[in-house]
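K.L.:
Provide a 3D model corresponding to the input given below.
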Amino acid sequence: MAFIRRRRLEQELYSKERFSLLLLNLEEYYFEQHTANHIINKGCRDERKIRGSLKICSKSIIFEPDENIQPIIKIPLRDCLSIKAPEDNEANNPFTREISGGISVVCNQGTTEHLFQLDVAGKVGDVVQTLHQLYRASCLDKMGDQAAMITAILQSRLARTSFDKNRFQSISETLNMECKAEMVTPLVTNPGHVCVTDANLYFQPLNGYPKPVVQITLQNVRRIYKRRHENHITEHTAESYMLQWQRGHLSNYEYLLHLNNLADRSCNDLSQYPVFPWIIADYSSSVLDLTKPETFRDLSKPIGALNKERLDRLLTRYQEMPEPKFMYGSHYSSPGYVLFYLVRVAPEYMLCLQNGKFDHADRTFNRNLEKLFGWCDRFQREFYENDASFLVNSLKLDLGKRQGGKTVEDVELPPWASGPDDFLQKSREALESQYVSEHLHEWIDIVFGYKQKGAEAVAAHNVFHPLTYEGGVDLNSIMDPNEKVALLTQILEFGQTPKQLFTVPHPQRILSKSSSRTSFHSVSITESPVSVHEESFEDLTEESITLAWNNIAKLKLDEQYKIHKEAITGIAVTSNGSSVFTTSQDSTLKMFSKESKTLQRSVSFSNMALSSCLILPGDTTVISSSWDNHIYFYSIAFGRRQDILMGHDDAVSKICWRDGRLYSASWDSTVKVWHCVPGETLSNKKHHFELLAELEHDVSVNTIDLNAANTVLASGTKEGTISIWDVTTATMLHQLSCHSGTVFEAAFSPDSRHLLSAGEDCCFKVIDVQTGMLISSVTADEPQRCFKWDGNTILSGSQSGELLIWDLLGGKVTERIRGHTGGVMSMWMNEQCNSVITGGEDKQIIFWKLQY
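P.N.:
As a prediction, this is how the structure comes out:
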């Protein structure tokens, strides 16, 4: 639990300190401190000197006695009648005291005088001058004017100071930058100087609190957050995390934590505290059944929209409200709500927020959670972690009594939880459950996604006050300081909506068939048509494929042959693996016998390059595409050209065959779908072609691929655009500008959920097919011309001739295998994924085998 863990470390480090920045008012700064005596009853027989520290703050004077039995004194500057040093005293001043190093402060609370004697008498003049400046600022009527004057004093002090380089850990450290900064902790900020070297990050507080210099080793920096109030952060990406979560490499909790980090949510900022979903709806059953959908809330709606009567009232108010309209008058993430849950472990923060008092007992976090469900839309990360201290009143705080007379102690838990630890454990299990995994993307759409703002937010009944949204107001454009301070205070206290990470629907998590079967269907063994010891052929094939990809790094060069005069552009293999057909830029189609290791045929259809080839089912016909705008059909049995399809106005770049249909991509900016009846079935031995669809593009199409169901086609163009088409209706589903330069290859994952593309810009891009969202980008050192992948791992052929094995989720190369002496232009892989053939610019084909 980050908030509680950090707080405990602070308590251990500063256990002797009674003073805290939480004693200051909102937006108040602590400037300096001086060792001093507080003199009580000066000149009387019972005169006393209380040793301590005098602290000068922007809106108050605070004296912290060394003895814990003495109370801390806080004097608001606004309440002061006079602040004088002995040399300033007039003869007739009743508060005149001849005392070296003394400062007299008279406040209007019964005309009380406080007399402080500094240890260093020479500093009295400077201290009094500072107090007079701050006093004048505190007496200004408008908050904006006060803030402007205090800021000017603060900036002047910062400008007169700089980081003390003697604080470096090593004399060999190199200074990279120094600037003014603020250290942000919950509810308070502390100004000072930041210094970054080649080894450490240093922060030197202007006031020397909590210590003269805070040092952080750069190696220990885990994440850098952007704190935004007036700053508008535009860059945002959750690509790699989304892909890892979709494929089960990140838990729901881990993914939500990453999204909060990307949205700059931090436990150090209570107005931007991490947000997690409230997912459980059952708080009355004795057993929490995570297999029942009714156990969970509807994650596709905000809590406020779950109850129809409440929603109707909200909609009525919303429709009658003048602009700017909003549905919810309170925000789900604000300092008040955060501390509502954490009052038992962070009481000092609640006391700071509520002017030294706890909230009314009936409003304290103590009620049964079922009563809370319905008005609070979000949980905090603490509910899904392993520290239950925030549910237990271990500090024995006096939180008051409820109307029924019952003292507020520990949080009341639902019947299905045996205790606080069990409650957290079951909450975490619920977060990782099948139901939540299936629907979490809907909640992400509302909180971090496309339903957060605009018309989609209105339709989803998810509209909050405009000030809570990033960019909702430009504070820099507001010239009136009073208006600016008022708005900033409202933003800080009201809370802030997370930064929007997604502007299109978030893809759903990919769940295994086994997990979905066991969660909701629970088929017994006796009902299963397959024996316990029996596995289907499909299961065995899947296992062999998984085994192959897990060992893909053990791919070894088996044989290589130079069979063409130019680069090899396409490879096709007969079903029994005995014959390999290749196309080349030398305009020939060649047939190589794997068994005899000899070149058996060489055919030339024209004097222009061939771009790709495939073998029709039955191993009777090879189809080749050509830069001469034609597609050639070659009969293996008869050894001659069988037919020509003249279907394009420019070079044909790629062809695919599925279920009696031919798909052809061309530089004429089209992809065409043909229905073909093979020539062997007709008396004239010619193919019959019927154009079924023509998919228009703006520029030349370089590559295509179809999903496993043959319903969705992806195309990549010479200008880097990826288009996803519904081939059943010939309509475009999504179009993305993914690459800068030609898309060399695009291929669906085996489950058809994702599309991977490789481009001239040296990048791999992963697109979620359902939503059209770009969810991952990996950059290589050089262009990757061709590839095969299983959804997680990529085997690619590089421009330099190496085969590279990529961990897509980690975004890195895990193995490099030397092969060709020029670019790898084409790649074939068998169904079991344990045999690979590559063709290169070096005019060779190389046979690769897995050696387990």
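
K.L.:
The residue lying closest to A780 once chain neighbours are set aside: what's it in contact with?
P.N.:
Of all residues not flanking A780 in the chain, C762 sits nearest, at 4.7 Å (CB to CB, 6 or more residues apart in numbering). Placement of C-beta: from N, CA and C, glycine included. Residues near C762 by CB atoms under 8 Å, 6 or more residues apart in numbering: T779, A780, D781, E782, P783, Q784.

K.L.:
ok, and the most crowded of the residues you listed?
P.N.:
Q784 (26 neighbours; other CB atoms under 10 Å).

K.L.:
hey, what's that residue bridged with?
P.N.:
S798 (DSSP bridges).

K.L.:
any idea which helix or strand carries the residue most central in space within the chain?
P.N.:
By CA atoms, centre = their mean, the chain has its centre lying nearest to L259, at 3.0 Å. Element membership of L259 [criterion: DSSP states H and E] is helix 252-262.

K.L.:
Can you give the contact residues for that helix?
P.N.:
With CB under 8 Å, 6+ apart, helix 252-262 has contacts from 223, 225, 236-238, 241-242, 244-245, 250, 274-277, 381, 384, 428, 431-432, 436-437, 440, 444, 448, 498-499, 501.

K.L.:
List the buried residues in it.
P.N.:
By neighbour count on 16 or more other CB atoms under 10 Å, the buried set for helix 252-262 is N252, Y255, L256, L257, H258, L259, N260, N261, L262.

K.L.:
can you redo those as JSON lines with distance to A346 and pLDDT?
P.N.:
Output for the buried residues of helix 252-262, formatted as JSON lines (distance: CB to CB, whole Å; pLDDT from 0 to 100):
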{"residue": "N252", "distance to A346": "26", "pLDDT": "94"}
{"residue": "Y255", "distance to A346": "27", "pLDDT": "93"}
{"residue": "L256", "distance to A346": "22", "pLDDT": "93"}
{"residue": "L257", "distance to A346": "20", "pLDDT": "89"}
{"residue": "H258", "distance to A346": "25", "pLDDT": "88"}
{"residue": "L259", "distance to A346": "24", "pLDDT": "91"}
{"residue": "N260", "distance to A346": "19", "pLDDT": "89"}
{"residue": "N261", "distance to A346": "21", "pLDDT": "86"}
{"residue": "L262", "distance to A346": "26", "pLDDT": "86"}
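
K.L.:
Closest to D46 out of those residues?
P.N.:
Of all the buried residues of helix 252-262, D46 sits closest to N260, with 57.8 Å by CB to CB.

K.L.:
Please report how far the closest one lies from D269.
P.N.:
12 Å (CB to CB, to the nearest Å).

K.L.:
And for W725?
P.N.:
45 Å.

K.L.:
Please apply the same query to S418.
P.N.:
35 Å.

K.L.:
ok, these two, which is more surrounded?
P.N.:
Ranked by neighbour count (other CB under 10 Å), S418 and D269 place D269 first, with 23 against 11.

K.L.:
Y349 is in what secondary structure piece?
P.N.:
helix 347-353.

K.L.:
which strands and helices sit next to that helix?
P.N.:
helix 335-342 (3 or more CB pairs under 8 Å, 6 or more residues apart in numbering; DSSP states H and E).

K.L.:
Pull the helix it packs on out as PDB, backbone CA atoms only.
P.N.:
Extracted C-alpha coordinates of helix 335-342, given in PDB (Å, rounded to 0.1, in the frame of the first residue of the first chain):
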ATOM      1  CA  PRO A 335      -8.800  14.500  -1.200                       C
ATOM      2  CA  GLY A 336     -12.000  14.100   0.900                       C
ATOM      3  CA  TYR A 337     -12.900  10.700  -0.600                       C
ATOM      4  CA  VAL A 338      -9.300   9.400  -0.400                       C
ATOM      5  CA  LEU A 339      -9.000  10.300   3.300                       C
ATOM      6  CA  PHE A 340     -12.500   9.100   4.000                       C
ATOM      7  CA  TYR A 341     -11.200   5.600   3.400                       C
ATOM      8  CA  LEU A 342      -7.700   6.200   5.000                       C
END
